[in-house]
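>>> here are the coordinates; sequence isn't available:
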C-alpha cells in the first residue's frame, strides 16, 4: 500500500493552481472537467503519480468558498532553503503566516504559508545531506 493523493476542495481553481504550481513549484499532472457532475479535478505534485503522493484539487462549479472546520491540520513540504523559499513566496504575492524559525520545544526550522482557500501549508527545512547521513549512521549503529 502507499498514499496516492490528498483531496482539497477549492473555490477558484486557477488561483489554486497558480499557488501550488508557481509559488510552491509543483507541476500540473492532469486536469479534467466533468460537465455531468459540474466539477473539475486537477492533480498537482512534485513527481509522477506512479511513485509520488500528489494533491487533488477539486473545483465544484459555482462554489466559491468552503468552511474549513477545525479538524484539518496542514500539508507539509520539505524545502532546501526555508528562508529563501518564504521570501520568494512573499515576493510573488503569497501569504506567509508564520515566518521561518525553530518549532516550539524543538530545533526543526518551520514556516507556514496559506493557499488562496485558507489551507495551511507547513514548510520544513530539509536537513543538509551531511547531517542526514550522520544521523542515519548513528541510527543504524543503535
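Ah, there it is. None of these values were measured; they are calculated from a predicted model.

>>> so what are the domain limits for the protein?
The chain breaks down into these structural domains: 1-63, 73-136 (assignment by automatic domain parsing).

>>> avg pLDDT for the first one?
Think domain 1-63. Mean pLDDT, taken over the full extent of domain 1-63, equals 96.

>>> same thing with stretch 117-137?
72.

>>> Mean neighbour count added to the domains of the chain, as CSV?
To be clear about C-beta, it is placed using only N, CA and C from the backbone, and glycine gets the same treatment. Rendered in CSV, the data for the domains of the chain read as follows (neighbours: other Cβ atoms under 10 Å):
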stretch, mean neighbour count
domain 1-63, 15
domain 73-136, 14
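
>>> Next up, the contacts around residue 65.
Shown here is residue 65, whose contacts under the criterion Cβ atoms under 8 Å, 6 or more residues apart in numbering are 11, 117.

>>> Quick check: it vs residue 111, distance?
With distances taken as Cβ to Cβ, to the nearest Å, residue 65 is found 25 Å from residue 111.

>>> ok, residue 86 - contacts?
Applying Cβ under 8 Å, 6+ apart to residue 86 gives the contacts 96, 99-100, 111, 113, 123.

>>> quick check, nearest of these to residue 7?
Each of the contacts of residue 86 was checked against residue 7 using Cβ to Cβ; the closest is residue 113, at 19.5 Å.

>>> What backbone torsions are found at residue 3?
In this entry, residue 3 is assigned phi and psi values of phi -70, psi 130 (degrees, to the nearest 10).
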